[in-house]
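Participant: okay, here's the prediction I keep looking at, along with the sequence it came from:
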Amino acid sequence: MKEELSRLIHQALDELVKTDALPADISPNVQIDRTRDSSHGDLASNIALTLAKASGRKPRDLAAAICAALPPSDLVARAEIAGPGFINFFLSASSSQAVVRNILEQGDAFGRNAEGAGRKVQVEFVSANPTGPLHVGHGRGAAVGDSLCRLLAATGWDVTSEFYYNDAGAQIDNLALSVQARCRGLGPDDASWPEDGYRGDYIVDVAEAYQRGDTIDAEDRHVQGAGDAGDLAAIRDFAVAYLRREQDLDLQAFEVHFDNFFLESSLYEKGAVEDTVARLVANGHTYEKDDALWLRTTDFGDDKDRVMRKSDGGYTYFLPDVAYHLDKWQRGFERVINEQGADHHSTVTRVRAGLQALDQGIPEGWPDYVLHQMVLVMRGGAEVKLSKRAGSYVTLRDLIDEVGCDATRYFLVARGPGSQLTFDIDLALSQSNDNPVYYIQYAHARTRSVLRKLAEQGWEWHAERALQDLEQLGEEHEKALLRRLDSYPEVVATAARDLEPHTVANYLRDLAGDFHTWYNAHKMLVDDAAVRNARVALSEAVGQVIRNGLGLLGVSAPESM
RNA sequence: GGGGGUAUAGCUCAGCUGGAUAGAGCACCGGCCUUCUAAGCCGACGGUCCCAGGUUCGAAUCCUGGUACUCCCGCCA
C-alpha cells in the first residue's frame, strides 16, 4: 500500500521535473506515514515540506502541484492538501476493505513476513543459576525473551532458544554448604551457619528431600538423594538437580519452552575454557600481574583490563563467558541475542572485547543484547527486596498462582524493556479484572460469541460469500477498525526489527478498544444478510488478528470468558 | 570519578526512527444493560512532555550542557 503510493508520488515528481516545475537535481525521499487523525485521511506524505526549500516554492503550492500531477489510481479515493503542506490520501473503500480478505485468507500467517530469510538466530534468556526458584526479574526475562523468539520466528528467522546455567561455581558450593547445614539441623541464625549461606525456606525442602532419598528427574539429569549429610559432592549434585527441576516447573507454569539447556561445566569438560585461554595468550592480548593472568580488554574498548585467571589458579566468570560465546559462534549462529537484566550491562563490553581478542572473525558488535531494567515489587505499599539470600523475594510461581499466567506474562512484556517496572502485587490481586490482558481477551471472546449466537439463530455464514459483501462496511467505526487491522503487519515487523515486543501489546490494546467501541455502537447480527455477512467478516478478522498478536506474546485467546 | 537506563496527566505507562489539536489505563465525577457477553461503551476532569540552549518549514522525539532518580563499575556470577 505504502509502496504503491510512493510510486504514484514519484511518478508525479518525475512529471513535474519534465515540465520544469521542479529542478532536475532534487533527490526526493518519499515518506508515507499513517495518520493519527482520520480527518487527515488514511496515509499522508510530507514530501512537499521536504522539497519546498530545494524547489524554491511554498510547501502548499508545491503540494498542490504534486496532487495535480498524481496519476489516477484505484487505491486512492482522493488526495487533499492540509496544514503546512501535507498531502493526505483517502483510500478508496475497496482498497481499505481488502485487508479483511487478506486476514481471512491468510489466517494464522497474517502479519508474518520472511525478513529473516531462514537465517539462524539464537536467543539466550533467563539463564538463572540453580540456587533458588525463579523470581520476578527472571519472569520478565522469560516473558520478553520468549516473545522475542516468537517475533523472530514470525518474521522468518530460524530461532533457537537457550538457557545457560552455572552448575559448578562458587555459588553452587555455597548452595551445597547451605543444604548441608540444613541437613544438620542448623538455621541461618546459628553461629556455625555458612557465611553468605542461602537463607530461604526452599533450602529446607531440598535438605529434607535429600535426606528422604527422593529421586529427581530433571530435563538433563537424574539424581537420587544419598541422605548422607557428610557427602558434600552428593549434596551439590542433588541440590542442583532439585532446583533445576523447580525452575523447569516454574517455566512450565509460565509456558516458556527452551530448545537447549547449556551447562557451564560442559565448557570445562570439553576443554573449551583452556582452549580459550591458550588462544588469547597466543594472540598476545594477555599479561601476568600479581600472580594473575589478565586480558588486555582495553585494546577493544573496555575501560580497564580484566583478570582471566585468579592468583589462586581458578578462572573468573569472564572466561567461561567468552568460551561460551565462542561456542555459540562456532555453532553457526551469525546472530545471537542475549536477553539479560540490566545489572549485567557491564559484561557486554567485556564479552565482546574477549571475542575480538580471539581473532576469529567475529563482528565487533556481536552479540546483540536486550537488557531489561529491574522489576520493583510492591506489597502493602512497600518495596519487597529481591534478595535470594534473604529468602524473602517474590517468586515467579507466586505471581502465576496469584494473578495467572496470562496476566503475568502480559504485564511483564507490555512495557519497554528499558523502563523500570513496578509490579504492585496488591493492585494485581485486588484489581486483576482491570488488567489490560482481560480487555483484549474479552474482545476475542466476543468475536467467538458472535459466531455462536449466529448459529443459534439459524443463520449461516461463509467467509467466501461474506467477502462479496465487504462494501457494506461504511460506518466510521468500521473504517477505523479496517485502518487498525491494516497496520498489524507493520507493527509485527517493527517489533521484531527493534526487538520490542511491547509494541505488539500496545497495538492489541488499541485494536481491542476499536473493536469494543464498534461492538457497542453497531449490532452485527442484523436481518440484512449483506450487512450481517460483512460485519461478521470484520469481527472474524479482528478475532484472527488478536489471536495472532496474543500468540506472539504467549498469551491465550479464550473462546469465552 | 566512569558507564547503562529513566524523567510525559494525581498514579502506572504509550507515543510508530522529526509531523498536524501529545494519548490510553487506573483514580475522581456524570450517563448507558428487556436488545450479539456491562471483564464493555459514551461523556467530563486532568499537561511548563525535568531545565537551558542548539539543529529546521516543524522537536516530547535529534545534538550539547545541566538537574533528579535508579542500576553497574571484584582476582563474585
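Facilitator: Thanks, I have it.
Participant: distance check, residue A:440 against RNA strand B.
Facilitator: Residue A:440 sits 9 Å away from RNA strand B, going by CB to the nearest atom of the strand, to the nearest Å. C-betas here are computed from N, CA, C, even on glycine.
Participant: likewise residue A:304?
Facilitator: In this structure, residue A:304 and RNA strand B are 7 Å apart, going by CB to the nearest atom of the strand.
Participant: correct me, but that residue touches residue A:298?
Facilitator: Yes - under the contact definition of CB atoms under 8 Å, residue A:304 touches residue A:298, with a separation of 6.4 Å.
Participant: these two: which is more packed in?
Facilitator: Using other CB atoms under 10 Å, the more surrounded residue of residue A:304 and residue A:298 is residue A:298, with 12 against 9.
Participant: what's whichever helix in chain A runs longest packed up against?
Facilitator: Looking only at chain A and at elements set by DSSP state H, the helix with the highest residue count is helix A:529-553. Helix A:529-553 is packed against helix A:93-106, helix A:136-154, helix A:405-413, helix A:436-456, helix A:463-466, helix A:476-498, helix A:502-521, with contacts defined by 3 or more CB pairs under 8 Å, 6 or more residues apart in numbering; DSSP states H and E.
Participant: using JSON lines, please lay out those helices together with distance to residue A:64 and mean neighbour count.
Facilitator: Putting those into JSON lines (distance: least, CB to CB, whole Å; neighbours: other CB atoms under 10 Å) gives the following:
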{"stretch": "helix A:93-106", "distance to residue A:64": "24", "mean neighbour count": "18"}
{"stretch": "helix A:136-154", "distance to residue A:64": "42", "mean neighbour count": "26"}
{"stretch": "helix A:405-413", "distance to residue A:64": "46", "mean neighbour count": "24"}
{"stretch": "helix A:436-456", "distance to residue A:64": "42", "mean neighbour count": "18"}
{"stretch": "helix A:463-466", "distance to residue A:64": "41", "mean neighbour count": "15"}
{"stretch": "helix A:476-498", "distance to residue A:64": "26", "mean neighbour count": "19"}
{"stretch": "helix A:502-521", "distance to residue A:64": "33", "mean neighbour count": "19"}
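Participant: who touches stretch A:8-23?
Facilitator: The set of residues that contact stretch A:8-23 without belonging to it, under CB atoms under 8 Å, 6 or more residues apart in numbering, is A:24, A:26, A:28, A:30, A:45, A:47, A:51, A:54-55, A:65-67, A:69-71, A:73, A:76, A:87.
Participant: does RNA strand B sit close to that stretch?
Facilitator: No - counting by CB under 7 Å from any atom of the strand, no contacts exist between stretch A:8-23 and RNA strand B, the nearest distance being 14.0 Å.
Participant: could you check the pLDDT of the spatially closest residue to residue A:128 that is not a sequence neighbour?
Facilitator: Counting by CB to CB, 6 or more residues apart in numbering, residue A:138 is the residue found nearest to residue A:128 once chain neighbours are left out, at 5.1 Å. At residue A:138 the predicted local confidence, pLDDT, stands at 92.
Participant: for RNA strand B, see how far away residue A:138 is.
Facilitator: Computed as CB to the nearest atom of the strand, the residue A:138 to RNA strand B distance reads 13 Å.
Participant: same check on residue A:369?
Facilitator: From residue A:369 to RNA strand B the distance is 9 Å (CB to the nearest atom of the strand).
Participant: run through the neighbouring helices and strands of the host helix or strand of that residue.
Facilitator: Residue A:369 is part of strand A:368-372, with elements assigned from DSSP states H and E. When contacts are defined as 3+ CB pairs under 8 Å, 6+ apart, strand A:368-372 sits against helix A:136-154, strand A:335-341.
Participant: in its sheet, what does the shortest one sit against?
Facilitator: For strand A:335-341, the paired strands and their directions (DSSP bridges) are strand A:120-124 (parallel), strand A:368-372 (parallel).
Participant: pull out the buried residues from the next helix or strand after that strand.
Facilitator: Moving toward the C-terminus from strand A:335-341, the first helix or strand encountered (DSSP H and E) is helix A:346-358. Neighbour counts using 16 or more other CB atoms under 10 Å place A:347, A:350-358 of helix A:346-358 among the buried residues.
Participant: and the residues you listed near RNA strand B, which?
Facilitator: Taking CB under 7 Å from any atom of the strand as the test, RNA strand B is in contact with residue A:347 out of the buried residues of helix A:346-358.
Participant: got the angle for the strand holding residue A:369 vs helix A:405-413?
Facilitator: Strand A:368-372 and helix A:405-413 are oriented at 110 degrees to each other (axes from the mean of the first three to the mean of the last three CA atoms, to 10 degrees).
Participant: what's the angle between strand A:368-372 and helix A:136-154?
Facilitator: Between strand A:368-372 and helix A:136-154, the angle formed by their directions is 140 degrees, by the same axes, to 10 degrees.
Participant: just checking, next helix/strand downstream of strand A:368-372?
Facilitator: Past strand A:368-372, further along toward the C-terminus, the next helix or strand under DSSP H and E is strand A:375-379.
Participant: dump that following strand to CSV, keeping only the CA atoms.
Facilitator: What follows is strand A:375-379, C-alpha atoms only, in CSV (Å, rounded to 0.1, in the frame of the first residue of the first chain):
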residue,chain,number,x,y,z
VAL,A,375,11.4,-5.1,38.4
LEU,A,376,10.4,-3.4,41.6
VAL,A,377,7.9,-5.4,43.6
MET,A,378,5.5,-3.6,45.8
ARG,A,379,3.4,-5.3,48.5
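Participant: name the residues of it that come out as buried.
Facilitator: A:375-378.
Participant: low pLDDT regions in chain A?
Facilitator: In the predicted model of chain A, residues A:219-220, A:380-393, A:426-434 satisfy pLDDT under 70.
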